[in-house]
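make a model of this:
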Amino acid sequence: MNNQKRFIIALCFFLSFSLLKAQFVITKQLQDRMDGKLSKEQLDKATHRCIYHYTQQITERETGAVTYQTDTMALDFGKSFSVYYDWNKARRDSLKRGKTKDLDIKVFHMKTQPDFDMVEYNDKQGSYFVNSSKGENARLYKNRFERELFSVETTTKTALKCVEQLDPQDWHFSSDTLAVLGYVCQKATTSFRGRSYEAWFSPEIPIKDGPWKLYGLPGLILKVVVDNGLFVFDAIGLENLEDVYITMDKDSYLNCTREEFAKFNTRRREQLGARHYINGTLTLGGTANPFEYNDLELG
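Numbers count the residues shown, from 1 in each chain. The predicted structure follows:
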C-alpha cells in the first residue's frame, strides 16, 4: 500500500468521529453520504430476515476484568445475495447526530495530537460526550453463487470496500441436534481463519447462508459458538420480508485488502470519538476505548 493510500485510511479513521460539516469542503457526494441519500445498486430481493444476538468476550484494559458485549445484528437474504449488518446502527447514528445538531456552534477545535486524550475534558464545565463502544459499522454482502464477499465500511469522509473470493467453509457434520426458534437444528463444525466453529443449522430453512462470513450448510445457520464461547451468534427472530431489497450504496469506494480492512477496524476500536461543548465552542477528538477486543479472524 502506497503512502498516499495509508494517509487516506489513517485520516478517515480520525475524521469518522466528526460530524461537523464546517471542517470540510462539502461535495454533493459527501453531503449525500452523510445524509444517507446516495443512489443504490439493487443486488437482490430479500425474502427473509434473521436477527441475531452477537456476543463477544471483551477485556477491561484498566483492570483486566473479562466481560461480554452483545450487539444485535441482522441478516437479510434472498436467492443469491445476503447482507449482514448492525440492526441498531441507524438508531445509534441518529442519537449521535442529535448530540450536536442543535448546538449553537461559533468556534470549534479539533484535537489532532496523536497522544492527546479527550478524557481530561470530562472534568471541565460544559457537556462532554463519548461515542458508545458498542456496535459494528461494516456491512457484509455475500454473493453465494459467485462465492464473493464484499465488506463495506463507510465513514463521514470516505468509504472502504474489500472484495474477497470466499468458498464455503469445510464443514463436518454431526448427528447432534438442538432446537433454535422452534426449528430442529443439526450440528456442524469447521475451522476458519484460525478459530474453531460449532454451528447449528436448520434444514427446514433451505438457504445456505448464515451470520457474518459463514455459509454453505444445507440450511440457515441459526446458532454459532466460536472457540468455546469467545464469540456467539444466536438467532432471536426470523421474519418474512415483502418489498425489501438488498442494496449497496453507489459510492466512490477505496478498495483495500482484507488485511488492510481488518487493521482499519482495529484502529477504530482502539479509540472512541469524543466531543466537549461550552458557550458556543465545540472541541472534537478521541479518547481511548476502555475495552480490548478479540479478532474473529486470526489469519
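
please state the offset of whichever helix or strand Leu140 is part of from the chain centre?
Using DSSP states H and E, Leu140 sits in strand 139-143. Remark: strand 139-143 is offset 12 Å from the chain centroid, using Cα atoms, centre = their mean, to the nearest Å.

who does that strand pair up with?
According to DSSP bridges, strand 139-143 has the following sheet partners: strand 81-86 (antiparallel), strand 148-154 (antiparallel).

restricting to C-alpha, output the helix or strand just after the last one in PDB.
Right, strand 148-154. Using DSSP H and E, the helix or strand that follows strand 148-154 in sequence is strand 159-165. The C-alpha trace of strand 159-165 is given here as PDB (Å, rounded to 0.1, in the frame of the first residue of the first chain):
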ATOM      1  CA  ALA A 159     -16.000   4.600   2.100                       C
ATOM      2  CA  LEU A 160     -13.800   1.400   2.000                       C
ATOM      3  CA  LYS A 161     -14.600  -1.800   0.200                       C
ATOM      4  CA  CYS A 162     -12.900  -5.200   0.500                       C
ATOM      5  CA  VAL A 163     -13.700  -7.800  -2.100                       C
ATOM      6  CA  GLU A 164     -12.700 -11.400  -1.500                       C
ATOM      7  CA  GLN A 165     -13.300 -14.700  -3.000                       C
END
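
how big is the angle separating strand 159-165 from strand 139-143?
Per axes from the mean of the first three to the mean of the last three Cα atoms, to 10 degrees, the angle that strand 159-165 makes with strand 139-143 is 30 degrees.

what is the burial count for the nearest residue to Val224 once chain neighbours are set aside?
Among residues not flanking Val224 along the chain, Phe233 sits closest, at 4.2 Å (Cβ to Cβ, 6 or more residues apart in numbering). Where C-beta positions appear, they are placed from N, C-alpha and C, glycine not excepted. Using other Cβ atoms under 10 Å, Phe233 has 26 neighbouring residues.

what residues sit buried inside the strand or helix carrying Phe233?
Taking DSSP H and E as the definition, Phe233 sits inside strand 231-249. For strand 231-249, the neighbour count (16 or more other Cβ atoms under 10 Å) marks 231-235, 238, 246-249 as buried.

one more: stretch 208-227?
208-217, 219-226.

contacting residues for the closest residue to Val119 other than its chain neighbours?
Counting by Cβ to Cβ, 6+ apart, Thr287 is the residue found nearest to Val119 once chain neighbours are left out, at 4.9 Å. Contacts were defined as Cβ atoms under 8 Å, 6 or more residues apart in numbering; by that measure Thr287 touches 117-119, 130, 271-272, 274.

that'll do, ta.
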